[in-house]
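Engineer: coords please:
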Amino acid sequence: MTEPQEPTGSTRHLSRAGGPDAPDALELDQSASSAAYDPVPTQGKDGGRAGRFWSARRVPAALLALVVLGGAGLLLYDIAAVRADHPAMRWRRSLADELAERPLDDVWVLAGAALAAAIGLWLILLALTPGLRDLLPMRRDRAEVRAALDRTAAALVLRDRAVEVSGVQSVRVRMGRGKAAVRAVSHFRELDDVRADLDTALGAGIKELGLTRPPSLSVHVRRPTKKG
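Structural biologist: Next comes the predicted model:
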């Protein structure tokens, strides 16, 4: 756990205190305190690392299979009909005539080629990326067991940790794959003290999540918005 750093991006308002005859004095009113922290160090176990979970991509695979199956079946049926001395389907004759007559720089030819290339690149991207970005892999204490934590559940755990800190009125936690952004509202206590306590509590909370790659922590504390 790193030591709390000096607040960055803080907003402070200075107001003069005392009467006209009183000596000059400045009262410090801090309205916001924020800082970013390094990730919590992980346990030094070589066997504790685990990769991301791979999505089955069932919907894209099913759609692609249906399109290929339908197109192949229709084409094979038409070829079999031609072999049986029946005329080819009108759509195949029209397509052959269009491809023979239209030049390569035709707008429709270029648009169709661009669409086919985009779909191909999308399918390649789906095949090469794991997906399931909402699942955060957890450390593997046993080789035969793999576990993951949903990002929403991780955010709820950190939020419950944050609301237990004295002075915290409300908290919003946005959990990403590499960063946990915490926005808290404090109605009493010094904001730097509240932020330091949040850093300690949330740092311990992130460590207890047992993630393979603990996210970095960003904490921002402010005063409630004045109404009226």
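Engineer: contacts and neighbour counts: CA atoms only from here.
Structural biologist: Fine.
Engineer: From the contact counts, what lies against the longest helix anywhere in the chain?
Structural biologist: Assignment by DSSP state H gives helix 58-83 as the longest helix of the chain. Packed against helix 58-83 by the contact rule (3 or more C-alpha pairs under 8 Å, 6 or more residues apart in numbering; DSSP states H and E) you find no helix or strand.
Engineer: Name the residues of that helix that are buried.
Structural biologist: Asp78 (16 or more other C-alpha atoms under 10 Å).
Engineer: Check stretch 199-216 too.
Structural biologist: 199-203, 205-207, 209-216.
Engineer: and if you look at stretch 161-181?
Structural biologist: 161-163, 165, 167-169, 171-176, 179-181.
Engineer: Compute the first-to-last residue distance for that stretch.
Structural biologist: Criterion C-alpha to C-alpha, to the nearest Å; first-to-last residue distance in stretch 161-181 is 14 Å.
Engineer: and if you look at stretch 208-224?
Structural biologist: Termini of stretch 208-224 sit 30 Å apart (C-alpha to C-alpha).
Engineer: and that stretch, how far from the chain's centre?
Structural biologist: Relative to its chain's centre, stretch 208-224 lies at 14 Å (C-alpha atoms, centre = their mean, to the nearest Å).
Engineer: repeat for stretch 184-192
Structural biologist: With C-alpha atoms, centre = their mean, you get 28 Å for stretch 184-192.
Engineer: Run through the bridge partners of Leu217.
Structural biologist: Per DSSP bridges, the residues bridged to Leu217 are Tyr37, Ala180.
Engineer: I'd say it and Lys179 touch.
Structural biologist: Yes. Applying C-alpha atoms under 8 Å, one finds Leu217 in contact with Lys179, separated by 5.9 Å.
Engineer: can you pull the contacts of the most centrally placed residue in the chain?
Structural biologist: Residue closest to the mean C-alpha point of the chain, counted by C-alpha atoms, centre = their mean, is Gly176 at 4.7 Å. Listed by C-alpha atoms under 8 Å, 6 or more residues apart in numbering, the contact set of Gly176 reads Arg151, Pro215.
Engineer: ok, it to Thr152 distance?
Structural biologist: Where Thr152 is concerned, Gly176 sits at a distance of 9 Å (C-alpha to C-alpha).
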